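*Asks:* need a 3D model of the following:
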Amino acid sequence: MSAIRFSAKADPGTAIGKTACLVLPLAPGQKLGRREKQIDSACGGAISAALKNGDFTGTAGSNLMLHCGGDIARVLLAGTGSDKPDRDCLSKLTASTARAIQESQAGDARWHAPTLKVDKKDRDWFYRTLAKDGITTSYRYTKTLSKPKANTKLKRVNVSLGAGSDSKAIKTALTEGCSLGDGINFARELANLPANICTPEYLAKQARAIAQKSGKASCKVLNEKAMRDLGMESLLSVTAGTVTPARLIVLEYRGGKRGAAPHALVGKGITFDSGGISLKPGAKMDEMKFDMGGAASVLGAMHAVVSMRLPINVVMVVAAAENMPSGTATKPGDVVRSMAGITIEILNTDAEGRLVLCDALTYVERFKPASVVDAATLTGACIVALGSQASGLYANNDKLANELLAAGEESRDRAWRMPLWDEYQRQLDSNFADLANIGGPGAGSVTAACFLSRFAKAYPWAHLDIAGSAWNSAPKGATGRPVGLLTQYLMDRAQV
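*Replies:* Next up, the predicted model:
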């Protein structure tokens, strides 16, 4: 994945050293200490001159690049916003600094951490975020470009620590941040790929590759015959109109105690969604390659978990299929039987995500999971409700919901809990089957979650509707969400 390497060591307090870019965090009005004056002297007084002239304010996320020459080619003054910055300020600091370093085309950088006063409770979080932002900012899509834009030249970032710093803990946090950043970029790359490359089988190959990186992981891929033998008529109804075969991808990681119940991640992997017979409008239909954002995110989270070697058991199930119209495609009004034995009247073939997920949620029962979290670009209604800032969260278990909300806050990959009340369930009533696959125009994201809840009664379950958070339309591209939330949730469970 990323070629950038992060490290940390104590500042020697003597020689300034050589670097292509020295990052100097400063609060508004902060005075230069002895060590900072040495750096300023090595830069010919450029730092003190910039501060005196008011060229640098120190507000959170502000920065000023000074070109010095000599052993220190550049100094990046980075605003902390406060002498005791909170996480909002620190997030702006890490993100803006990562962009500035990479835009400078410096080959290496060194953070001068002693000027940054981070609360002890935020220390590990800050260094994890610093590395994560450095990795994710470096991502460039190049796969199908004949003349891609030049990648960043940045290869190394060293954090120069002050006296008394816990270098071991900080190094661990930096390593975790790199793993998290790589997992996010992995998900972004999968989602950004066109649907003629990123097929269900392509997703299966990526899962096999993750398994091969760890002696504690294994991967099994079910073809359509195996799914038919299991009674997955609902999932197979989605793939009936395409020549591209569906796959059920099962990736197991056994990093925890033997026999301990695994935590399960389930991802919607619709590699292209035309809507089927209920055809979507042509405008922005190209963005339906992103409809496997849920699959990309759970694969990205597994990538991070395996890289971190978390002491936890995790199983991932991805229901991967393509939804296309043809003479063999499922029709509105058709009735299918799910793996759970529940019959479904398909009133709209464009509500296909829940049709593949319901069989995946039934399949995952066999692992007797401690929790199940599914991620899916499920409904446009969730975008109307929450925009792109938060993923919609539904759960049948308050403890699980609160743990996911806390993981979202910790990772800055937030979710917002939505209602899952019985009063909404009646909207799924059907005269011709046990339930319909849509619930009418009102509360579309809620009724989609209600549909899934019918198949998730055997375990604590939560559903993340990421239709608004998984990708952006302008500029177009995948965000990698909710890899951060899912990975943080699993990191928290590994520490329980």
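
*Asks:* C-terminal to the helix or strand D359 falls within, what's the next element?
*Replies:* Using DSSP states H and E, D359 falls within helix 353-363. Sequence-wise, the next helix or strand downstream of helix 353-363 (DSSP H and E) is strand 371-376.

*Asks:* returning to that earlier point: so what does the helix holding D359 touch, helix or strand wise?
*Replies:* helix 233-238, strand 247-254, strand 263-273, strand 313-323, strand 343-346, strand 371-376, helix 444-453 (3 or more C-beta pairs under 8 Å, 6 or more residues apart in numbering; DSSP states H and E). C-betas here are computed from N, CA, C, even on glycine.

*Asks:* avg pLDDT for the longest helix seen in the chain?
*Replies:* For the chain, the helix with the greatest residue count under DSSP state H is helix 167-192. The predicted model assigns helix 167-192 a mean pLDDT of 97.

*Asks:* any idea of the angle that helix forms with strand 263-273?
*Replies:* Calculated by axes from the mean of the first three to the mean of the last three C-alpha atoms, to 10 degrees, helix 167-192 forms an angle of 30 degrees with strand 263-273.

*Asks:* can I assume C358 is in contact with T343?
*Replies:* No - in this structure, C358 is not within contact of T343 by C-beta atoms under 8 Å, at 11.5 Å.

*Asks:* compare these two (neighbour count), which wins?
*Replies:* Set C358 next to T343 and count neighbours by other C-beta atoms under 10 Å: C358 wins out with 27 against 16.

*Asks:* what about the closest residue to the more buried one other than its chain neighbours, how many residues nearby?
*Replies:* Excluding the flanking residues, the one nearest C358 by C-beta to C-beta, 6 or more residues apart in numbering is F455, at 4.4 Å. F455: 23 surrounding residues under other C-beta under 10 Å.

*Asks:* so how far is S234 from F455?
*Replies:* 9 Å (C-beta to C-beta, to the nearest Å).

*Asks:* identify the contacts common to the two.
*Replies:* Residues touching both F455 and S234 by C-beta atoms under 8 Å, 6 or more residues apart in numbering: S338, C358, D359.

*Asks:* one step back: out of the helices and strands packed on helix 353-363, which comes closest to D434?
*Replies:* strand 343-346 (4.7 Å; C-beta to C-beta).

*Asks:* what mean pLDDT would you report for that closest one?
*Replies:* Rounded mean pLDDT across strand 343-346 is 98.

*Asks:* okay, that strand in PDB with CA atoms only?
*Replies:* Output of strand 343-346 as PDB, limited to C-alpha atoms (Å, rounded to 0.1, in the frame of the first residue of the first chain):
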ATOM      1  CA  THR A 343     -40.900 -15.100   1.100                       C
ATOM      2  CA  ILE A 344     -40.400 -11.700  -0.500                       C
ATOM      3  CA  GLU A 345     -42.500  -9.800  -3.000                       C
ATOM      4  CA  ILE A 346     -40.100  -7.800  -5.100                       C
END
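
*Asks:* what does that strand contact?
*Replies:* 234, 237, 330-338, 355, 358, 430, 432-437.

*Asks:* hmm, 7 Å instead?
*Replies:* Identification of contacts with strand 343-346 by C-beta atoms under 7 Å, 6 or more residues apart in numbering yields 234, 237, 330, 332, 334-338, 355, 430, 432-437.
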